[in-house]
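Undergrad: task: produce atomic coordinates for the following.
(2 chains)
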There are 2 protein chains.
Amino acid sequence: MVENRRPIWIKEAIEQVMHYKKRGSCERISLDDCDGRFLAQPLKADHDVPPFNRSPYDGFALRAGDTIEASRNNPLAFEVIDEIGAGSVSHYELRSMEAIRIMTGAQIPRNADCVIMLELVQEKKHSDGRPYIILKRPLREGENISFQGEDAQLGTTLINQGEKINPGIKALLATFGYNEVPCVTPPLVGIITTGSELLQPEEDLVPGKIRNSNGYMIEAQIARAGGQHKRYGSVSDQFEDLLTIVKRAMADCDIVITTGGVSVGDYDYMPMVYQALGAELLFNKIAMRPGSVTSCAQKDGKLFFGLSGNPSACYVGFELYVRPYIRYWLYSNKPYLKKITGKMKTDFSKANPFSRFVRCKLSIENGHVYANPVGLDKSGVVTSLAWADCLAILPGGTKGFTVEDSADILLLEDQEGSEDPWREPRFSKL
Amino acid sequence: MVENRRPIWIKEAIEQVMHYKKRGSCERISLDDCDGRFLAQPLKADHDVPPFNRSPYDGFALRAGDTIEASRNNPLAFEVIDEIGAGSVSHYELRSMEAIRIMTGAQIPRNADCVIMLELVQEKKHSDGRPYIILKRPLREGENISFQGEDAQLGTTLINQGEKINPGIKALLATFGYNEVPCVTPPLVGIITTGSELLQPEEDLVPGKIRNSNGYMIEAQIARAGGQHKRYGSVSDQFEDLLTIVKRAMADCDIVITTGGVSVGDYDYMPMVYQALGAELLFNKIAMRPGSVTSCAQKDGKLFFGLSGNPSACYVGFELYVRPYIRYWLYSNKPYLKKITGKMKTDFSKANPFSRFVRCKLSIENGHVYANPVGLDKSGVVTSLAWADCLAILPGGTKGFTVEDSADILLLEDQEGSEDPWREPRFSKL
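TA: This is a model prediction of the structure:
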């Protein structure tokens, strides 16, 4: 059964997929467990930070007006009338030529308007034991005070929804009392690997067979994108088995991925599966390499991706079409791989009518970005995926890159994302 | 108790810490659970990839010599004598003008030396039903064959020890039958937060107090570095309580971190704790901002870090001194934050005798790298940490950056790391 498949442009395929985009639901996650999750609501300051004027140093709180005349030749004495540990509040009000000992982070006492660091005064005691300090320099009003709200003001949106929680965001969540954090429930992605040639990792190699690597790879890609997975095992190229499992996965999961079985061979049952499901085929060929046989169908708005059985094609198909769907689900407004421009580190000569995503390793030299192709560039290759951290886009119809050529580069490990890397006019033919 | 602390150079502090570096032990982790873990052994190819000559396409295996005369005007017919599904092996040996139907990934049959894609031939049948194909172009020997070992040869080291397992590496582990993966046991890092001013995230704000954010932040930083943590709670500035907990943490953990309590105030007991433990103080002041009060002590080769209670100082202190210790533990030979050079996106004027780590957001414009300072640059600030993905290094003794100035930049989210970013001569004064 040879089909004549019509390749569509990359941009068109992405639009087809994203036509079915949806947002996940929100759940409350303990602050302890929220690392790497995605915010379902913007993070707003529910109080000023700092919440009060405070001292950034250990030292003494003073009134700047009292210090004007202080100098090396005219040291001034201040009576130390109280001391404030961090977390405490002084009940005193500073009067003329008085000081209050203050710890880092403590609230500035009433009437004080500056702080001198501990190291910059001499501490002394009167004969009756009462402490005083000697100051040899004047202070400006406001000197060494962290003012209420200078870091963040009540009501400010500090982090947008859809952001992945990193250590700095976690610190903010703690600061604002998010004992429970509103996170997006990740989409559950069902994975079915197909192909009679596949062995499990624990099995010994036998002639004609290879081990299943795509299933494990896709699981790690799903995790990196922010989704969770459910494994439906490896199915031989038997139509009935495949259909039964696909039906089960479509019922259980938010997204279903198969790898393998999307080529044009006699043993490839995916078109029959789509038909038996009553699913609408969105596309089954894209003008790209690797991954031209990436397919997608929808049933009742649920997406069913058929990724290539070739590791590199499978990998690229996931990153270009499945990842943005997952990231949008996670409330991101920049669901696509981040795109930057840089230069090619070496020649890469390969003529191709279709646009090509060249697995590369990024380097930065003297402030300039370079993409360096890694390993063999064939769709069946697996090693180069382990080394690549970006994909250089070689537009279709060209003969390849020459060293120092400018290239658009998609970043694989980046968390920031792009709004729509395909919107630019020069991508109209991708 | 005012101490005169002698600030040491950053480079010296790092050397002091790394003098005590050690490698963790190795454990076997199921392939299912190895995402994000660190390889304890190099990943070597235990067989050629592909393990046999195979077809990258669905099509027909032929002998190139038979096809020389084929053209549009001279179509040639080949008898189809067998078909091979992926995972199967043909028992036939091709003879003159014969073809074998072959699926993607299947082993090339004996005597065949090229493959023609299914789409490029016409499939026909003799009157008795036997299939044959019509070929209208010649093929080169080796055309459309993925050769045994072309992706990776038996014995090649593909991934070094100490690498973090990403989706591509996971695919390789599956390919080479790593049903269990040798991973480094991560170091257990004990965290003690100190300070009477600290509330837990679930507590309401009261005058003079702030919520504990450092503990949660450090936990997320430990996770990003590859370690695991154990929480010893928040201790008020009471010496006996603190000592008891520090002793327990030193017994349980591989590394201990306290935040807060490292400044020079009366309520700061860390020096007394070091003494009571019989620990050797390595340093308690570094010529840097933020984080100048970062301290480190060792007892029996185990490190005990005292990070500042100020969020930004705590954050930077962790990334510069604790992270490399953790990454080396995880077998990395590039344990330091990756350092690149770029330009400043804006002015940043702040004179300082000490080197300053300016929280920035990285951007790439037309292939050029820029660092853009984010938020307030004060050590007590927490918001800018959530936005920063890099630290621009402003060398001590300068007056700040002017827009377009060149700067060294440390990447916070990168996984690759640097061997030794401080080795260069211009960092002799950092």
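
Undergrad: so who does the nearest residue to A:Phe38 once chain neighbours are set aside touch?
TA: Nearest in space to A:Phe38, with sequence neighbours left out and distances taken as Cβ to Cβ, 6 or more residues apart in numbering or on different chains, is A:Leu330 at 4.0 Å. In short, each C-beta sits where N, CA and C put it, glycine included. With Cβ atoms under 8 Å, 6 or more residues apart in numbering or on different chains as the criterion, the residues that contact A:Leu330 are A:Gly24, A:Phe38, A:Gly162, A:Val184, A:Pro186, A:Pro187, A:Gly226.

Undergrad: in ChimeraX, select just the buried ones from those.
TA: Here the buried members of those are turned into a ChimeraX selection, burial being counted by 16 or more other Cβ atoms under 10 Å in any protein chain shown:
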select /A:24,38,162,184,186,187,226
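
Undergrad: separation between the residue nearest to A:Phe38 and B:Glu93?
TA: Here the criterion is Cβ to Cβ, to the nearest Å. By it, A:Leu330 lies 55 Å from B:Glu93.

Undergrad: so what pLDDT did the residue nearest to A:Phe38 get?
TA: A:Leu330 carries a pLDDT score of 98 in this model.

Undergrad: equivalent analysis for the one 4 residues further on, please.
TA: pLDDT recorded at A:Lys334 is 95.

Undergrad: what's the neighbour count on it?
TA: For A:Lys334, the tally of surrounding residues (other Cβ atoms under 10 Å in any protein chain shown) stands at 19.

Undergrad: for the spatially closest residue to it that is not a sequence neighbour, give me its contacts.
TA: Leaving out its chain neighbours, the residue that sits closest to A:Lys334 by Cβ to Cβ, 6+ apart is A:Gly417, at 3.4 Å. If a contact means Cβ under 8 Å, 6+ apart, then A:Gly417 has A:Arg327, A:Ser332, A:Lys334, A:Pro335, A:Tyr336, A:Leu337, A:Lys338 as its contacts.

Undergrad: does any bit of stretch A:363-383 sit next to chain B?
TA: Yes: part of stretch A:363-383 sits near chain B under the criterion Cβ under 8 Å from any Cβ of the partner chain, namely A:364, A:366-369, A:375-376, A:378-383.

Undergrad: endpoints of that stretch, how far apart?
TA: Between the opening and closing residues of stretch A:363-383 lies a distance of 19 Å (Cα to Cα, to the nearest Å).

Undergrad: kindly report the same for stretch A:308-322.
TA: Across stretch A:308-322, the straight-line distance between its terminal residues is 13 Å, by Cα to Cα.

Undergrad: what about it, near chain B?
TA: Yes: taking Cβ under 8 Å from any Cβ as the criterion, stretch A:308-322 and chain B are in contact, through A:Gly309, A:Asn310, A:Pro311, A:Tyr315.

Undergrad: burial of the first one, as a residue count?
TA: Here the neighbour count serves as a burial measure; for A:Gly309 (other Cβ under 10 Å) it reads 29.

Undergrad: rebuild the contacts of A:Leu330 as TSV, extending it with secondary structure.
TA: Below are the contacts of A:Leu330 laid out as TSV (DSSP: H, G, I helix; E, B strand; the rest coil):
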residue	secondary structure
A:Gly24	coil
A:Phe38	strand
A:Gly162	coil
A:Val184	strand
A:Pro186	coil
A:Pro187	coil
A:Gly226	coil
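
Undergrad: and the two most separated of the contacts of A:Leu330?
TA: A:Gly162 and A:Pro187 (13.6 Å; Cβ to Cβ).

Undergrad: could you pull out the strands for the stretch 51-200 of chain A?
TA: Chain-ordered strands for the stretch 51-200 of chain A, with DSSP state E, counting those that start in this stretch as the definition, fall at A:59-62, A:76-84, A:98-102, A:114-117, A:122-125, A:131-135, A:157-159, A:180-184, A:188-194, A:198-199.

Undergrad: I'd like those strands as JSON lines, with mean pLDDT and distance to B:Met217 appended.
TA: JSON lines is the format used below for those (pLDDT from 0 to 100; distance: least, Cβ to Cβ, whole Å):
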{"stretch": "strand A:59-62", "mean pLDDT": "96", "distance to B:Met217": "25"}
{"stretch": "strand A:76-84", "mean pLDDT": "95", "distance to B:Met217": "25"}
{"stretch": "strand A:98-102", "mean pLDDT": "96", "distance to B:Met217": "25"}
{"stretch": "strand A:114-117", "mean pLDDT": "96", "distance to B:Met217": "25"}
{"stretch": "strand A:122-125", "mean pLDDT": "96", "distance to B:Met217": "34"}
{"stretch": "strand A:131-135", "mean pLDDT": "98", "distance to B:Met217": "35"}
{"stretch": "strand A:157-159", "mean pLDDT": "94", "distance to B:Met217": "14"}
{"stretch": "strand A:180-184", "mean pLDDT": "97", "distance to B:Met217": "14"}
{"stretch": "strand A:188-194", "mean pLDDT": "95", "distance to B:Met217": "30"}
{"stretch": "strand A:198-199", "mean pLDDT": "86", "distance to B:Met217": "44"}
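
Undergrad: looking at those, which is nearest to chain B?
TA: Nearest to chain B among those is strand A:157-159; the distance by Cβ to the nearest Cβ comes to 5.7 Å.

Undergrad: residues in contact with the closest one?
TA: Judged by Cβ under 8 Å, 6+ apart, the contacts made with strand A:157-159 from elsewhere in the structure are A:Leu39, A:Pro42, A:Leu43, A:Lys44, A:Ala45, A:Ala152, A:Ile169, A:Leu172, B:Thr383, B:Ala386.

Undergrad: what subset of those is buried?
TA: Buried positions within the contacts of strand A:157-159, assessed by neighbour count (16+ other Cβ under 10 Å), are A:Leu39, A:Leu43, A:Ala45, A:Ala152, A:Ile169, A:Leu172, B:Thr383, B:Ala386.

Undergrad: please tell me how far the second one sits from chain B.
TA: This points to A:Leu43. When Cβ to the nearest Cβ, to the nearest Å is the yardstick, A:Leu43 and chain B sit 8 Å from each other.

Undergrad: the residue nearest to that residue when sequence neighbours are not counted - how many residues pack around it?
TA: In space, A:Leu43 comes closest to A:Ile159 once its chain neighbours are excluded; the distance is 3.9 Å by Cβ to Cβ, 6+ apart. Applying other Cβ under 10 Å, we find 20 residues neighbouring A:Ile159.

Undergrad: which stretches of the stretch 201-350 of chain A have low pLDDT?
TA: When residues are selected by pLDDT under 70, those of the stretch 201-350 of chain A lie in A:261-267.

Undergrad: mind listing the strands for it?
TA: For the stretch 201-350 of chain A, the strands identified by DSSP E, counting those that start in this stretch occupy A:210-211, A:228-235, A:255-259, A:280-283, A:288-289, A:295-299, A:302-307, A:339-344, A:348-349, in order along the chain.

Undergrad: is chain B contacted by the second one?
TA: No: applying Cβ under 8 Å from any Cβ, one finds that strand A:228-235 is not in contact with chain B, the shortest distance being 8.6 Å.

Undergrad: quick check: A:Gln228 touching A:Gly190?
TA: No: applying Cβ atoms under 8 Å, one finds A:Gln228 not in contact with A:Gly190, separated by 10.5 Å.

Undergrad: so these two - more neighbours on which side?
TA: Just comparing A:Gln228 and A:Gly190: by other Cβ under 10 Å the higher neighbour count belongs to A:Gly190, 22 against 15.

Undergrad: thanks again, I'm all set now.
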